[in-house]
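Visitor: what shape does this take:
(4 chains)
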Protein chains: 2
Amino acid sequence: MLNKLLTPNGPGRPKDPAKRAAILEAAQRLFMRNGYDGSSMDAIAAEAGVSKLTVYSHFTDKETLFSFAVKSKCQQQVPELLFELAEGVPIEPVLLNIGRSFHQLINSAESIELHRVLISRGAQDGKLSQMFFDAGPQRLIDEMQQLLIKADASGLLNIANPLAAADQFFSLVKGGCNFLLLIGCAKPQSDSEIDNHIRDAVALFVRAYRP
Amino acid sequence: MLNKLLTPNGPGRPKDPAKRAAILEAAQRLFMRNGYDGSSMDAIAAEAGVSKLTVYSHFTDKETLFSFAVKSKCQQQVPELLFELAEGVPIEPVLLNIGRSFHQLINSAESIELHRVLISRGAQDGKLSQMFFDAGPQRLIDEMQQLLIKADASGLLNIANPLAAADQFFSLVKGGCNFLLLIGCAKPQSDSEIDNHIRDAVALFVRAYRP
DNA sequence: GTCTATATAGCGATAGAC
DNA sequence: GTCTATCGCTATATAGAC
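Guide: Prediction:
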């Protein structure tokens, strides 16, 4: 299954990598837009500009194609937040930067759609959700935990339980608005509202954990 | 449409209210367990022990049945949290009680399934999500806001923005674990872990907002 | 390896007997 | 009002030509 990707040239005529990429792209678009059940293999093939059998040739079945599409989408979404903590610098600006990046990440249309699809399918494919979680949220929590340990050691903050504090921080920045976007009845927020929200979250966090 | 519920006796033979109830119950079970697309009208009719046409007779089509099922489920889930705030009593125990009730509510299997279904369908039926939100989360936020205003007036807490603070409180109690349950890869938490989580959330909140 | 055409099954919704 | 039987449609997955 994997050697299709690693060694495109098997015995006989090689499969067209461009078509494979087109299929994967089309699958991502449709799965994210219409969900698993809402996306037919016909539609995916049409969107990719190939025949349906070509889709089945590259990816065994619908489940497999879905897994590859999600996996690829996760890798695109992998965040590059700034968890650096320079010496002798106050902590608020660092947390504000992380908060802004995280907020933008989880509330982007792409991210909301990905979450929606995973939640819809979550009950039936826990492995895929686990993969997503390890590649995404878990890494953010780990890095945040490391940053908070450093901040505690530097005397910038007073944090007894870094893991719990990391969870608290992300929960605060996430807020209730993200849930509204997920269920599809959110009023659009202005940039200033978003910024105020993040400021409030960081302020609450720092106030509670200051030495 | 509604008078079917209010006046079960129309002209001619009355429809069987017991069958209507059985259909609604079966629809709730299957929709919550297998989602919208995963639940066929055949399966619902079989689960209810009636014919499929009886289902169509009581509820116009699948969308309508789904709306009634979700609406009914929401009314069952309507929480009775304790937002009382007696005079001369510390605030922590009150927040702990609310936090525990809220945590139990949103992490129950029934609630997770309802959220999952709403999120899956959310993109396609925003009205239903709006109805759910008004009946559930919005009311909790409102009541929490009122409580925080009182707490501020009493000098128990120092809260400039009660709405934002209410959102922060619920976000903290909710935590990251709820999301894990939604995507279907959560390790079960022990009672003591849950209690510690809620204590930490309340502690953070009170520490930041103490006068 | 890729295409057109098709097999098989399940869906939502309906017609007509009782 | 409720039932059995069925229509019309669409889905996943496959067979055979090039």
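Visitor: just checking, residue A:118 touches residue A:128?
Guide: Yes - the criterion here is CB atoms under 8 Å, and residue A:118 meets it with residue A:128 at 7.1 Å. Backbone N, C-alpha and C define where each C-beta goes, glycine included.
Visitor: any common contacting residues for these two?
Guide: Shared contacts of residue A:118 and residue A:128, defined by CB atoms under 8 Å, 6 or more residues apart in numbering or on different chains, comprise residue A:70.
Visitor: shaky segments in chain A?
Guide: Across chain A, the ranges flagged by pLDDT under 70 are A:1-15.
Visitor: hmm, try it at 50
Guide: The model of chain A has pLDDT under 50 over residues A:1-12.
Visitor: all the helices of it, in order from the start?
Guide: Using DSSP state H, the helices found in chain A span residues A:3-6, A:17-34, A:41-48, A:52-58, A:62-77, A:91-107, A:109-122, A:126-135, A:137-153, A:162-174, A:177-183, A:191-209.
Visitor: same list, those, but as TSV with mean neighbour count please.
Guide: TSV is the format used below for these (neighbours: other CB atoms under 10 Å in any protein chain shown):
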stretch	mean neighbour count
helix A:3-6	10
helix A:17-34	18
helix A:41-48	18
helix A:52-58	17
helix A:62-77	17
helix A:91-107	18
helix A:109-122	21
helix A:126-135	17
helix A:137-153	18
helix A:162-174	22
helix A:177-183	21
helix A:191-209	18
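Visitor: to residue B:142, which of those helices lies closest?
Guide: helix A:177-183 (15.2 Å; CB to CB).
Visitor: what's that closest one in contact with?
Guide: A:106-107, A:112, A:115-116, A:119, A:186-187, A:189, A:197, B:115, B:118-119, B:122, B:129, B:132-133, B:137.
Visitor: run the last query once more with 10 Å
Guide: Residues from elsewhere that reach helix A:177-183 (CB atoms under 10 Å, 6 or more residues apart in numbering or on different chains): A:103, A:106-109, A:111-113, A:115-116, A:119, A:186-189, A:193-194, A:197, B:115, B:118-123, B:125-126, B:128-130, B:132-133, B:137, B:167, B:170-171, B:174, B:178-179, B:182.
Visitor: go back to these and keep what's next to DNA strand C.
Guide: Residues of the contacts of helix A:177-183 in contact with DNA strand C (CB under 7 Å from any atom of the strand): none.
Visitor: give me the domain ranges for chain A.
Guide: A:2-66, A:78-209 (automatic domain parsing).
Visitor: out of the ones you listed, which comes closest to DNA strand D?
Guide: For DNA strand D, the closest of the domains of chain A is domain A:2-66, at 3.3 Å, according to CB to the nearest atom of the strand.
Visitor: got the phi/psi numbers for residue A:154?
Guide: Here is the backbone geometry of residue A:154 (degrees, to the nearest 10): phi -80, psi -10.
Visitor: cool, residue A:123 as well?
Guide: phi -60, psi -30.
Visitor: distance check, it against residue B:99.
Guide: 27 Å (CB to CB, to the nearest Å).
Visitor: again with residue A:30
Guide: With CB to CB as the criterion, residue A:30 and residue B:99 are 41 Å apart.
Visitor: ok so, going back, the helices of chain A into JSON lines, with extra columns for distance to residue B:23?
Guide: Shown next, in JSON lines, are the helices of chain A (distance: least, CB to CB, whole Å):
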{"stretch": "helix A:3-6", "distance to residue B:23": "47"}
{"stretch": "helix A:17-34", "distance to residue B:23": "28"}
{"stretch": "helix A:41-48", "distance to residue B:23": "33"}
{"stretch": "helix A:52-58", "distance to residue B:23": "38"}
{"stretch": "helix A:62-77", "distance to residue B:23": "31"}
{"stretch": "helix A:91-107", "distance to residue B:23": "39"}
{"stretch": "helix A:109-122", "distance to residue B:23": "24"}
{"stretch": "helix A:126-135", "distance to residue B:23": "31"}
{"stretch": "helix A:137-153", "distance to residue B:23": "40"}
{"stretch": "helix A:162-174", "distance to residue B:23": "38"}
{"stretch": "helix A:177-183", "distance to residue B:23": "25"}
{"stretch": "helix A:191-209", "distance to residue B:23": "43"}
